[in-house]
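[1] Quick check, what structure comes out for this input:
(one chain, ligands or ions: 1)
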Amino acid sequence: MIQLSSLEPKTIWHYFEQILEIPRPSKEETKIRNFLTDFAKKHKLAYKVDEGGNLLIQKSATPGFEKKKIVILQSHMDMVGEKNSETIHNFSQDPISPKIEKNWVKAIGTTLGADDGIGIAAQMAILASKEIEHGPVECLFTVDEETGLTGAMALKEGFFKGKILLNLDSEDEGELFIGCAGGIDTIAELKYKTRIYPNRHVSYRIEVSGLNGGHSGDEIHKSPGGNSNKIINRFLWKGSKKFNLRLASFEGGNLRNAIPREANAVFAIPESEIAGMEIYFKEFSEMLKEELGSAEPNFKTKLVKVKKSETVLSKKSQERILNAIYACPHGVIKWSDSIEGLVETSTNLASVKFIDGHKVRVVTSQRSSLNSAKTDIADRVAAVFYLADATIKHSDGYPGWAPKRDSEIVQITENAYRELFKKKPVVRAIHAGLECGLFLQKYPNLDMISFGPTIKGAHSPDERLDIPSTQKFWDLLLEVLKRIPEEN
Ligand SMILES: [Zn+2]
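    Next up, the predicted model:
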């Protein structure tokens, strides 16, 4: 086996190598937590575990730095278990086997778990050290970051004391993260009435496929027109004005946090209008191809004749549903004024499903780094569906982390980076959710920043950790600890 601890900085690689030995898929964090509590006992450090399974290990200041503000160092204990199909690996039992390829550490056939094992390793290295200069430190290790953020969600008030938090779960060295989006789902249900299938009608199914889709946080700005539900609905809405088109079903999208890539609808049309409708379909498809252009190169539409359905929707129900979906916004609602290129607020029209034979469920999902803006867009989407007599449910939602460009820890970290590496770091926020957003629920005054070494291909067997950036990450972390001011 190769020795990672021959790499620099030795201490962090030494602990990372130990962490690789411990299976730790999401929701199975007992082994890694026991490993960390054993470590705390060995080093005579106080620790506690909360009901959610999160672990806190406390270390007092190194002599002379007792007056510094308490700093929370935070990572997550779980990792994503993905492997190549030919690799035999049980993530609940087997250790990860690392290899070194040029400047990268990789795993053999599986995810590496540098997300967030390298964060854990850095915490352990600091907890174990006698030389590093730091004030009082609280190391927070959360559970289940990768599959539901349930650890961060379960955190209770008073579990830790610090008011500054360094999240060690970022994947781009040279970038400092200072904000993320909060989210909420808005689910509308519209009841509909049916009618017997009309005489002398034929049934067709229209399909839309091949759209890019993507994550509704990271990619919402990329496909403004490419929502399969919106496209099918547009065809049906206009089609209903032109022809005696009668909707039988509509189905599109899947996950609430994915931009829908595929959708289909079944409708009936009088025999006498078939020719006109087929021309309309052709023209519609060409128009959409032109609108979406090179951004959606694989966009496809298809029209096929299908078996007659038993019923169709009443005209009134059909109109209500198509109007509501048409009016419902999708995409970027507002760009950030303070951070260039950051989507501040967005909404995703995620899925449309006919359920139980008498209602349509439309699932939408809103995000914003500003909580008030998140509520506003969720209410706006709800209002559209209220106009169509829908019933509305919202998920509990989670708060955003609004970027504060001039916060104390942002200033400290930015200056430390610039002075250490003679280079300006990129200060960013993201439009997806992070644990940091959830921490604010119980600790609204936390001053936070997130940084880490460079990890590529996270969540896939291609995951790899950049060796030189790990040294820089470590140097920055120590420098920031050194610069934490005293309690005033
Ligand atoms: Zn992570």
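
[2] and Ala373, what element?
    In this structure, Ala373 sits in helix 371-387 according to DSSP states H and E.

[3] ok but Ala152 is inside a strand, no?
    No. Assessed with DSSP: H, G, I helix; E, B strand; the rest coil, Ala152 is helix; it does not lie in a strand.

[4] burial count for it?
    As a burial measure, Ala152 scores 27 neighbours (other Cβ atoms under 10 Å). In this view, the C-beta of every residue, glycine as well, is placed from N, C-alpha and C.

[5] Same check on Val426?
    11.

[6] Need the phi and psi values for it.
    phi -80, psi 130 (degrees, to the nearest 10).

[7] bridging residues for it?
    For Val426, the beta-bridge partners under DSSP bridges are Glu175.

[8] Report the residue ranges of every domain in this structure.
    Split into domains by automatic domain parsing, the chain comes to 4-180+403-483, 183-394.

[9] Which other helices and strands does the helix holding Ala373 contact?
    strand 182-191, helix 315-327, strand 331-335, strand 343-355, strand 359-368, strand 391-394 (3 or more Cβ pairs under 8 Å, 6 or more residues apart in numbering; DSSP states H and E).

[10] next one: the first one to chain centre, how far?
    Put plainly, it is strand 182-191. Centroid separation for strand 182-191 versus its chain: 18 Å, with Cα atoms, centre = their mean, to the nearest Å.

[11] After that strand, which helix or strand is next? Please name it.
    strand 194-196.

[12] Can you give me every residue that contacts the nearest residue to Glu28 once chain neighbours are set aside?
    Leaving aside its chain neighbours, Glu28 sits nearest to Ser92 (5.8 Å; criterion: Cβ to Cβ, 6 or more residues apart in numbering). By Cβ atoms under 8 Å, 6 or more residues apart in numbering, the contact set of Ser92 is Pro23, Pro25, Glu28.

[13] on that earlier part again, switch the helices and strands packed on helix 371-387 over to a markdown table; also include distance to the ion and mean pLDDT.
    Formatted as a markdown table, these follow (distance: least, Cβ to the ion, whole Å; pLDDT from 0 to 100):
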| stretch | distance to the ion | mean pLDDT |
| --- | --- | --- |
| strand 182-191 | 17 | 96 |
| helix 315-327 | 35 | 98 |
| strand 331-335 | 25 | 96 |
| strand 343-355 | 21 | 96 |
| strand 359-368 | 19 | 97 |
| strand 391-394 | 27 | 97 |
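
[14] In CSV, list the ones you listed along with mean neighbour count.
    Formatted as CSV, the helices and strands packed on helix 371-387 follow (neighbours: other Cβ atoms under 10 Å):
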stretch, mean neighbour count
strand 182-191, 21
helix 315-327, 19
strand 331-335, 17
strand 343-355, 23
strand 359-368, 25
strand 391-394, 14
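
[15] Just give the number of residues close to the residue nearest to Phe243 when sequence neighbours are not counted.
    With Cβ to Cβ, 6+ apart as the criterion, Phe243 has its nearest non-adjacent residue at 4.7 Å, and that residue is Glu273. Look at Glu273: counted by other Cβ under 10 Å, it has 17 neighbours.

[16] same check, this time on the one 4 residues further on
    A count of neighbours around Met277, defined by other Cβ under 10 Å, yields 20.

[17] Using the three-state scheme, assign it.
    Assignment for Met277 (three-state DSSP): helix.

[18] and the stretch 151-300 of the chain, which residues reach the ion?
    Asp169 (Cβ under 5 Å from the ion).

[19] quick one: Arg428 and the ion, what's the gap?
    16 Å (Cβ to the ion, to the nearest Å).

[20] Phi and psi next, for that residue.
    Per degrees, to the nearest 10, the backbone of Arg428 is at phi -130, psi 170.

[21] Give the full set of residues in contact with it.
    Glu175, Leu176, Phe177, Ile178, Ile339, Leu342.

[22] Would you confirm that the first one contacts Lys424?
    Yep, that's Glu175 we're talking about. No. Taking contacts as Cβ atoms under 8 Å, Glu175 lies outside contact range of Lys424: 10.9 Å.

[23] Tell me which of these two has more neighbours.
    Using other Cβ under 10 Å, the more surrounded residue of Glu175 and Lys424 is Glu175, with 17 against 10.

[24] check contacts around the more buried one.
    Contacts of Glu175 by Cβ under 8 Å, 6+ apart are Pro425, Val426, Val427, Arg428, Phe451.

[25] from those residues, which single one is nearest Glu145?
    Phe451 (16.3 Å; Cβ to Cβ).

[26] Quick check: the gap between the closest one and Val480.
    Between Phe451 and Val480 the computed distance is 9 Å (Cβ to Cβ, to the nearest Å).

[27] So which of these two has more stuff around it?
    The neighbour comparison of Phe451 against Val480 (other Cβ under 10 Å) goes to Phe451, with 25 against 22.

[28] and that one, what is it in contact with?
    Counted by Cβ under 8 Å, 6+ apart, Phe451 has contacts Leu166, Asn167, Leu168, Ser170, Glu173, Glu175, Leu176, Phe177, Thr413, Phe473, Leu476, Leu477.

[29] quick one, phi psi at the spatially closest residue to the second one that is not a sequence neighbour?
    Nearest in space to Asn167, with sequence neighbours left out and distances taken as Cβ to Cβ, 6+ apart, is Ser450 at 3.8 Å. The main-chain torsion angles of Ser450 are listed as degrees, to the nearest 10 and equal phi -130, psi 130.
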